[in-house]
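*Asks:* Dropping the sequence and predicted coords here.
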Amino acid sequence: MATDRRHARVLAMQALCQWDVQRDESPESLQAYMLASEASAKPVRYASELVRTFWSRREEIDRRLSEASPNWEVGRMSPVERNVMRVTVVEWLTAKVPPKVALNEAIEIAGEYADDNARRFVNGILDEVLKGLAVEPKDHD
């Protein structure tokens, strides 16, 4: 049985795949998608937060993915791979879960919803993104 967090990551990936097609990032569209999923409240809350954070930081997130994959434009990646990675980068940027946990989840979800090649592709790009995040100076309050 998938955990609430796993379910939320999958919901967020699927909502972003839908956004790729419809280009409707309205709160109403996201709410309608989440209601149609019939998921419980906890995964819906977390998935919605992940999606809204992506929308607000999508240029930065897609730039990070592009820099980590010089041979692949983000728009040319499969929707599943692209959006699994977007969700993972959101989690890293917001420090929601330990980086390795999010990376392992991304690899597993990519394999479940794409194919075995997706696992390697997602792992390779996200590993590069994570290396870039590790060398950035941390803000101190």
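*Replies:* That came through, no problem. Please read all numbers here as calculations on a predicted model, not as lab measurements.
*Asks:* Which helix runs longest in this protein?
*Replies:* helix 41-68 (DSSP state H).
*Asks:* Packing partners of that one?
*Replies:* Using 3 or more C-beta pairs under 8 Å, 6 or more residues apart in numbering; DSSP states H and E, the elements in contact with helix 41-68 are helix 4-22, helix 27-37, helix 79-93, helix 116-135. Any C-beta I mention is one placed from the backbone N, CA and C, and that applies to glycine too.
*Asks:* Next, the contact list for Ala8, please.
*Replies:* Listed by C-beta atoms under 8 Å, 6 or more residues apart in numbering, the contact set of Ala8 reads Lys42, Pro43, Val44, Arg45, Tyr46, Ala47, Leu50.
*Asks:* For the residue lying closest to the third one once chain neighbours are set aside, grab the count of nearby residues.
*Replies:* Distances taken as C-beta to C-beta, 6 or more residues apart in numbering put Met34 closest to Val44, at 4.6 Å, once the chain neighbours are dropped. The burial count assigned to Met34 is 20, neighbours taken as other C-beta atoms under 10 Å.
*Asks:* State the distance from Met34 to Ser26.
*Replies:* 13 Å (C-beta to C-beta, to the nearest Å).
*Asks:* Could you say which helix or strand holds Val97?
*Replies:* Here Val97, judged by DSSP states H and E, is contained in no helix and no strand.
*Asks:* Would you mind finding the most buried of the helices and strands packed on helix 41-68?
*Replies:* Stretch with highest mean neighbour count among those: helix 79-93 (a mean of 24; mean count of other C-beta atoms under 10 Å).
*Asks:* For the helix or strand following it, buried residues please.
*Replies:* For helix 79-93, the following helix or strand on the C-terminal side (DSSP H and E) is helix 99-113. By neighbour count on 16 or more other C-beta atoms under 10 Å, the buried set for helix 99-113 is Pro99, Ala102, Leu103, Glu105, Ala106, Ile107, Glu108, Ile109, Ala110, Gly111, Tyr113.
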